[in-house]
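Asker: pasting the structure only:
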């Protein structure tokens, strides 16, 4: 458990003291995992960096997951990933709390009402491409429609939707494995 905590603290420090995104974190990650801790060789680090850049998602998180997995397997990925994202999460949470104090300000309210249509357009534009990439077809299009209705009209938190989807996926996988055994 000591090694897991060490992994978590290394990436917590990197996440907390780096501003400017994933590329700004590269020198800190390299310094910690190659030079100080010697968890990776320089060549390995460069390979890991190429993989982290080519994968979807934040590069710094991808790098942390890679290092964590290389060091301590799946649990290492969890600890390093949590360490690198926790500072950003806390900062965003803090901003959200502060924002609630200003949300009733008429000027702020008008600004956000003006921004809403642009945000909707920015989200709606790529939806068709995203839907195709996610494998949405006429056959399974009912799933996103149900999710939209659940979140929008029934006011169910998206967090619960994701948890339910994960559970359904696990149950479905177990069912498929049982079916293959027979």
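Answerer: Yep, that arrived. Everything quoted here is computed from the prediction, not taken from an experiment.

Asker: from now on I want contacts and neighbour counts done on CA atoms only, so please keep to that.
Answerer: Fine.

Asker: give me the mean pLDDT for stretch 114-129.
Answerer: Stretch 114-129 shows a mean pLDDT of 73.

Asker: got it, and stretch 162-173?
Answerer: Here the average pLDDT along stretch 162-173 is 92.

Asker: same question, stretch 49-61
Answerer: The average pLDDT within stretch 49-61 is 85.

Asker: how far does that stretch sit from the chain's center?
Answerer: Its chain's C-alpha centre and that of stretch 49-61 lie 12 Å apart, by C-alpha atoms, centre = their mean, to the nearest Å.

Asker: again, but for stretch 101-119
Answerer: 27 Å.

Asker: check which helix or strand covers residue 140.
Answerer: Assigned by DSSP states H and E, residue 140 falls within no helix or strand.

Asker: counting neighbours, what do you get for it?
Answerer: Neighbour count for residue 140, taken as other C-alpha atoms under 10 Å: 10.

Asker: before we move on, what about residue 65?
Answerer: 24.

Asker: got the contact list for it?
Answerer: When contacts are counted by C-alpha atoms under 8 Å, 6 or more residues apart in numbering, residue 65 touches 76-78, 80-81.

Asker: can you do 7 Å?
Answerer: 77, 80-81 (C-alpha atoms under 7 Å, 6 or more residues apart in numbering).

Asker: adding pLDDT, neighbour count and distance to residue 169, write those residues out as a markdown table.
Answerer: Compiled in a markdown table, those are given as follows (pLDDT from 0 to 100; neighbours: other C-alpha atoms under 10 Å; distance: C-alpha to C-alpha, whole Å):
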| residue | pLDDT | neighbour count | distance to residue 169 |
| --- | --- | --- | --- |
| 77 | 96 | 25 | 21 |
| 80 | 96 | 30 | 25 |
| 81 | 95 | 26 | 23 |
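
Asker: make a markdown table out of these and add secondary structure and distance to residue 48.
Answerer: Listed next are the contacts of residue 65 as a markdown table, based on DSSP: H, G, I helix; E, B strand; the rest coil; distance: C-alpha to C-alpha, whole Å:
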| residue | secondary structure | distance to residue 48 |
| --- | --- | --- |
| 77 | helix | 14 |
| 80 | helix | 15 |
| 81 | helix | 15 |
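
Asker: pick the one among those residues closest to residue 173.
Answerer: residue 77 (22.8 Å; C-alpha to C-alpha).

Asker: sec struct for the residue sitting nearest the centre point of the chain, please.
Answerer: Nearest to the geometric centre of the chain sits residue 57, at 6.7 Å (C-alpha atoms, centre = their mean). When classified by DSSP: H, G, I helix; E, B strand; the rest coil, residue 57 comes out as coil.
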